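**Student:** Have a look at this prediction, sequence included:
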Amino acid sequence: MKNHINFKRLYLTLKYDLKLNFKTYSAFVIVLFIVLFFINTIILIKRTELDIKGYNTYYFLSYFVCGFVSICTSFPLLRGKSKKMTFLMLPASNLEKFLVQFIIRIILFSGVFVLLFWLDFKLTRAIYTLFEEVKPQIENFGIFTSFHSLFNVKFYSGLFAFIVWLIVFLFANSTVFSKNTIFKTVISISIISICVLLYFVFLSNVFYHEESERLFFISENHPYTIEFLGVNSTRLFTSIFLIGSSILMLLFSFYKLKEKEV
Amino acid sequence: MITINNLSFGYKKQQYLVNDISCSLRAGNIVGLLGKNGVGKSTLLRLISGLLNVKEGVISVNGQIPFKRTPDFLSDVFLVSDDTFLPSIKISDYIKVYAPFYPSFDFDKMNQILQEFELPNNQRLDKISYGQQKKFVIAFALSTNCKLILLDEPTNGLDIPSKSVFKKVMIRSIESNQLVIISTHQVKDMDTLVDKIVVFEDGKIVFDKDLFQISEQLVFIKTQNLEENNEVLYFEKHLAGYNAILKNTTNEETTIDMELLFNAIINKTNFNI
């Protein structure tokens, strides 16, 4: 166990990564602040009213795009031969190296994003109301407003499972692809989306071949509820499938990291 | 310390760069791993450090399999590669964040070696020259006090005064429980530094001897006339005469000419030692 996880080593590895990439992370935070400011400005210019639903849409869309960049560029020391050597020879376990990237690229990023988006929105709103004669009808959103709606989403709706799956998928890609990670991830997501689409077309042909106007396997039209749980079966099984494949991908990316050679 | 049994490795299938080698290296030695460019010296160091996995055979370093790359193993092995990555931070900051990974790290030794190499602590690692970067990494490697230190072409990029400081620092720093393997094609730089020579050629170890054994059995001379020496094993002509290796029949001890010895080995001279 000591060879896999040791909290002192984990702290040292975290400190090492933050020190080495301090400039990159600082630049990312500054760029994020500027980009979010522009996004918020565009939102306020385009809309005279903004309710919680609209706010959440922009919030999660921005979070997804920025998070995509943050996670796809995980393991920066795996890009390039000499960096890779340094990374692999660092006296920490693979699990610790893995956890450090998870902490920085997902947990720390999420914290910074929540704070920056809220600050940016407040700033943009203040500037906008200062100069515009027609005051926009915009609610005063709190720092955790968007999370309240997220907590109301039930696990079996598939949203949580999909978010987990996506994060793990992006994380796994960053360990597999050492060059042009973002581009290759976009390609792989496209390929997976096409495969899922084709799979649904196949299913609709198998189960609803007599209904020519229906192209896809849409579960809402044929609901089936698991009585003792009271949940929609398709959504529940989709969630289980996504979480299951996330665990497999996590193991795969850990294995890829362990087997890296220079 | 290091046991290698029937080790084979190649980047391509059916084409081995390291081919069925076996050897054993003990602590307390500075080993010169010599060979021409591209024969697989760096590959062998990477196999020993766990950066590459063996295709066939076994490597054991202090009873551990290098490729498992356990933290205990990694904190006792330091590899100085020819192309080391150094981040854009100050020397002092690098030491502060990287040294705690090595339990036996000696900060006083580090400062002393940096002084000898004339490297100030407040320099940024990405702003100093290649040679200075090399000196810094060597200083760091020696200060870790790792049981196994692997140096790949350490004298590349060092100026002549730095090369002599390097030798001095190396000899002073290494303890009896440490093993240092220096891989180089600049054979002359290894004079008076190593106490064992391993020559690597065509994926095989073709020579593996202690310097003591060599000086006991061979004599290295400079002569104007070869004819008076009957026991010449190998010679090279130069402007003032010949450099020659002779069989030691008189128990005379001479300074080993590393370059001449290396040339003799790769020219397949049979020493019978």
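**Tutor:** In hand now; what should we look at? Note that the structure is predicted; figures quoted are calculated from it, not measured.

**Student:** C-alpha only now, for contacts and for neighbours.
**Tutor:** OK.

**Student:** So which residue is smack in the middle of the chain?
**Tutor:** Went with chain A since none was named. Residue closest to the average C-alpha location in chain A (C-alpha atoms, centre = their mean): A:I167, at 4.5 Å.

**Student:** Let me rephrase: I mean chain B.
**Tutor:** Closest-to-mean residue, chain B, C-alpha atoms, centre = their mean: B:I182 / 0.9 Å.

**Student:** Where do the helices of the chain begin and end?
**Tutor:** Picked chain A for this. Per DSSP state H, chain A carries helices over the ranges A:7-20, A:22-46, A:52-72, A:81-89, A:94-102, A:109-131, A:145-151, A:159-176, A:181-207, A:233-258.

**Student:** try chain B instead
**Tutor:** So, for chain B - with DSSP H - the helices run B:41-49, B:71-74, B:91-98, B:107-116, B:130-143, B:160-173, B:211-217, B:258-266.

**Student:** In terms of residue numbering, what are the domains of chain B?
**Tutor:** B:2-202, B:212-266 (automatic domain parsing).

**Student:** Need the ones you listed in TSV (columns: mean pLDDT and distance to chain A).
**Tutor:** Formatted as TSV, the domains of chain B follow (pLDDT from 0 to 100; distance: least, C-alpha to the nearest C-alpha, whole Å):
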stretch	mean pLDDT	distance to chain A
domain B:2-202	93	5
domain B:212-266	87	28
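
**Student:** With respect to burial, which of the ones you listed scores highest?
**Tutor:** Neighbour counts (mean count of other C-alpha atoms under 10 Å in any protein chain shown) averaged over each of the domains of chain B peak at domain B:2-202, with a mean of 19.

**Student:** now that one, how far from the centre of its chain.
**Tutor:** Remark: domain B:2-202 is offset 7 Å from the chain centroid, using C-alpha atoms, centre = their mean, to the nearest Å.

**Student:** Start and end of it, how far apart?
**Tutor:** Terminal residues of domain B:2-202 are spaced 21 Å apart (C-alpha to C-alpha, to the nearest Å).

**Student:** What's the local residue count around the residue in the stretch 151-262 of chain A positioned nearest to chain B?
**Tutor:** Residue of the stretch 151-262 of chain A nearest chain B, by C-alpha to the nearest C-alpha: A:E261 (5.1 Å). Neighbours of A:E261 under the rule other C-alpha atoms under 10 Å in any protein chain shown: 17.

**Student:** Wait, it touches B:L47, no?
**Tutor:** No: using C-alpha atoms under 8 Å as the test, A:E261 is too far from B:L47 to be in contact (9.7 Å).

**Student:** Okay, the residue nearest to the centre of chain B and B:E118: tell me how far apart.
**Tutor:** To B:E118, B:I182 is 23 Å away according to C-alpha to C-alpha.

**Student:** do the same with A:K81
**Tutor:** Separation of A:K81 from B:E118 (C-alpha to C-alpha) stands at 29 Å.

**Student:** how about A:R105, what does it touch?
**Tutor:** A:R105 makes contacts with A:70-71, A:74, as judged by C-alpha atoms under 8 Å, 6 or more residues apart in numbering or on different chains.

**Student:** weakest of the helices of chain A by average pLDDT?
**Tutor:** Mean pLDDT per stretch puts helix A:145-151 lowest among the helices of chain A, at a mean of 73.

**Student:** Next, the buried residues of that one.
**Tutor:** Applying a neighbour-count criterion of 16 or more other C-alpha atoms under 10 Å in any protein chain shown, one finds A:S146 buried in helix A:145-151.

**Student:** who touches that helix?
**Tutor:** A:52, A:55-56, A:59.

**Student:** Which of the residues you listed lies at the shortest distance from chain B?
**Tutor:** A:Y59 (34.5 Å).

**Student:** Count the residues that sit near that closest one.
**Tutor:** 19.

**Student:** how much space is there between A:G158 and A:S245?
**Tutor:** Note on A:G158: its distance to A:S245, by C-alpha to C-alpha, is 13 Å.

**Student:** ok, these two, which is more surrounded?
**Tutor:** Legend: neighbour count by other C-alpha under 10 Å for A:G158 and A:S245, higher for A:G158 (21 against 15).

**Student:** ok, for that one, nearest residue in space, not its chain neighbours?
**Tutor:** Spatial nearest neighbour of A:G158, chain neighbours left out: A:S239 (4.9 Å); criterion: C-alpha to C-alpha, 6 or more residues apart in numbering or on different chains.

**Student:** neighbours of the one you found, just the number please.
**Tutor:** Around A:S239 there are 22 residues (other C-alpha under 10 Å).

**Student:** Just list the residues touching B:L261, thanks.
**Tutor:** B:I245.

**Student:** measure it to A:C72 for me?
**Tutor:** For B:L261 relative to A:C72 (C-alpha to C-alpha), the value is 53 Å.

**Student:** With B:S104 instead?
**Tutor:** Distance from B:S104 to A:C72, by C-alpha to C-alpha: 36 Å.

**Student:** next one: A:K122
**Tutor:** Distance, A:K122 to A:C72, by C-alpha to C-alpha: 29 Å.

**Student:** what comes up buried for stretch A:18-26?
**Tutor:** Neighbour-count burial for stretch A:18-26, counted by 16+ other C-alpha under 10 Å, picks out A:18-21, A:25.

**Student:** now that stretch, how far from the chain's geometric center?
**Tutor:** Computed by C-alpha atoms, centre = their mean, the chain-centroid distance of stretch A:18-26 equals 21 Å.

**Student:** And the contacts of that stretch?
**Tutor:** Stretch A:18-26 is contacted from outside by B:87-89, B:97, using C-alpha under 8 Å, 6+ apart.

**Student:** Just the closest of these to A:R47, please.
**Tutor:** A:R47 lies nearest to B:S88 out of the contacts of stretch A:18-26, by C-alpha to C-alpha, at 44.5 Å.

**Student:** That closest one contacts B:Q123, doesn't it?
**Tutor:** No: using C-alpha under 8 Å, B:S88 is not in contact with B:Q123; the gap is 10.0 Å.
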